[in-house]
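> What follows is a predicted protein model with its sequence.
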Amino acid sequence: MLESSGDVEPPKDKKVFVKTYGCQMNVYDSQRMADALAADGYGITDDIEDADLVLLNTCHIREKAAEKVYSELGRIRQLKHERARRGRETVVGVAGCVAQAEGQEILRRASAVDLVIGPQTYHRLPAVVERARAGEKIVETEYALEDKFEHLPAPERNAVRSRGVTAFLTVQEGCDKFCTFCVVPYTRGAEVSRPVAQIVAEAERLAQSGVREVTLLGQNVNAWHGEGPDGREWGLGRLLFRLAEIPGIDRLRYTTSHPRDMNDELIAAHRDLPALMPYLHLPVQAGSDRILKAMNRRHTAADYLRLIERIRTARPDIAMSGDFIVGFPGESEADFEETMKIVRDVTYAQAFSFKYSPRPGTPGAEMGDQVEEAAKNERLQRLQALLTEQQRAFAQSLAGTEISLLLEKPGRLEGQLVGRSPWLQPVIVDENAGRIGDIVSVRITHAGSNSLFGEPMNPATGLKTAAEGARV
């Protein structure tokens, strides 16, 4: 563990500003970094100009995401100089996957940065900050030998409560799949699963603070295999059943999954566990077997389609979400048409699609036959048009159905509340539908461009349930 130098008197009422880029894992990590700093006397501020410590928690999945960080650091440099002229010190840190991947390069390119810290060493952050305040430039990206989760302080109850009625909970980090387009194995390391006791203890704290829905996170979450209280190795399906036993936890989700780790036990959980929401993010990335092989996905399009059929047989009302990459090296028009075909075959309630972006250090970046940018743009537009059409059709299929809705927060307009459907869509209802944290029955009246609209259910109306809606 790093030791604080103790050479500089810390400011009174220290404040930290955290900006998060990228995935839900980064959102979770930002919260835990804030918890670690809170234990060291830092309060959270939403005003960067009021911060004694500025942290950027970064994403390295695509090139533009990394460049956005450097642009932001240029603006922060000006802020840091202005504050210095007023006699106020600002420590600037870069965390996350860009930090892990680029390390010293960040200090070279961005003079305002005082510390760079990778995802596996967040528990060391308070000591690293104190060293930076003493004038040291620090790059802390070596993978920690100790378990960071055991060393991170538990969030205080009021801090957890302020996060609302839904929460993320990391159960697994890293990935051993080595898809040729992906930097995760290099920035997050090998797959590591947290033990059951640690996960349950964190979920119980969340429940005690009013959280009703927990989303389990991992770069490859369905590969989770942690040690159970019986000393045996558990899989994700069994863990979900255990978490559903916690009083107050009424809804469970998990993301992101790999098709090769979708086993029988987990599919059975979708069939038998009411708390597990009927929504599954299961990326396929491409529909061409030739491209899937080049991506090192280690499954075929037919494998994926058979898996989808098994999942839908187990849970007929499940909605599918996915990820797609267009323009991977060597992708022909025929290959792209196979991607369009698998989208039509599956039908997605939601999906994320991107142009291939070469990431330094990955095999894909070294491949020949890179696809021209114009072709990538044209294919992405066609794919997104199809996905948008499917997303709208699914939303519209829910009109007239009864759903359970977790009320999460006030709406943008006075008198409104916003909740999330079992399929993760925002639903807007009148504030009289219930209180924040309630799970209420509502009838979906219509679908807007980005949200559903509902009204409280009258049990006497005999409306159909969502399971009777369109197949998704």
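Looks like it came in fine. Numbering: from 1, shown residues only.
> Wait, a helix at F324?
No: under DSSP: H, G, I helix; E, B strand; the rest coil, F324 falls outside any helix and is assigned strand.
> before we move on, which element is the closest residue to it other than its chain neighbours in?
Once flanking residues are discounted, F324 sits nearest to S353: 4.3 Å by C-beta to C-beta, 6 or more residues apart in numbering. Glycine gets a C-beta too; all of them are placed from N, C-alpha and C. Remark: S353 resides in strand 350-355, with elements defined by DSSP states H and E.
> mind showing which ranges of the stretch 151-300 of the chain have poor pLDDT?
Counting by pLDDT under 70, the stretch 151-300 of the chain contains low-confidence ranges at 151-163.
> same for the following helix or strand past the strand holding S353, what does it pack against?
Per DSSP H and E, the first helix or strand lying C-terminal to strand 350-355 is helix 373-397. Here helix 373-397 touches strand 319-326, helix 333-346, strand 350-355, strand 439-447, going by 3 or more C-beta pairs under 8 Å, 6 or more residues apart in numbering; DSSP states H and E.
> residues of the first one that come out buried?
Yep, that's strand 319-326 we're talking about. Residues 319-322, 324-326 are the ones in strand 319-326 that count as buried (16 or more other C-beta atoms under 10 Å).
> hey, where'd the helices end up in the stretch 151-300 of the chain?
Listed in chain order, the helices of the stretch 151-300 of the chain (DSSP state H, counting those that start in this stretch) span 157-161, 184-187, 196-208, 236-244, 264-272, 289-294.
> so which of those comes closest to P410?
helix 157-161 (16.4 Å; C-beta to C-beta).
> Can you pull out the residues in contact with stretch 231-250?
Identification of contacts with stretch 231-250 by C-beta atoms under 8 Å, 6 or more residues apart in numbering yields 171, 196, 199-200, 203-204, 206-208, 210-214, 216, 221-222, 224-228, 252, 254, 263, 265-269, 273, 275-276, 406, 439.
> Which pLDDT value belongs to L398?
Reported pLDDT at L398 in the predicted model: 97.
> from memory it sits against F453, does it?
No: counting by C-beta atoms under 8 Å, L398 stays clear of F453, with 10.4 Å between them.
> Quick check on these two: which one has the bigger neighbour count.
L398 (26 against 18; other C-beta atoms under 10 Å).
> Chain neighbours aside, what residue packs nearest to that one?
Spatial nearest neighbour of L398, chain neighbours left out: I444 (4.6 Å); criterion: C-beta to C-beta, 6+ apart.
> Then P360?
In this structure, P360 finds its nearest non-sequential neighbour in A101, 7.8 Å apart by C-beta to C-beta, 6+ apart.
> tell me the SS of the one you found?
Of the three states, A101 takes helix under three-state DSSP.
> same check, this time on L424
Secondary structure, three-state DSSP: L424 is coil.
> Can you get me a residue count around it?
When neighbours are counted by other C-beta under 10 Å, L424 comes out with 16.
> What of R290?
For R290, the neighbour count with other C-beta under 10 Å is 14.
> So what's the residue count around the nearest residue in space to it that is not next to it in sequence?
Closest residue to R290 apart from its sequence neighbours, by C-beta to C-beta, 6+ apart: D335 at 6.2 Å. The number of residues packed near D335 is 22, by other C-beta under 10 Å.
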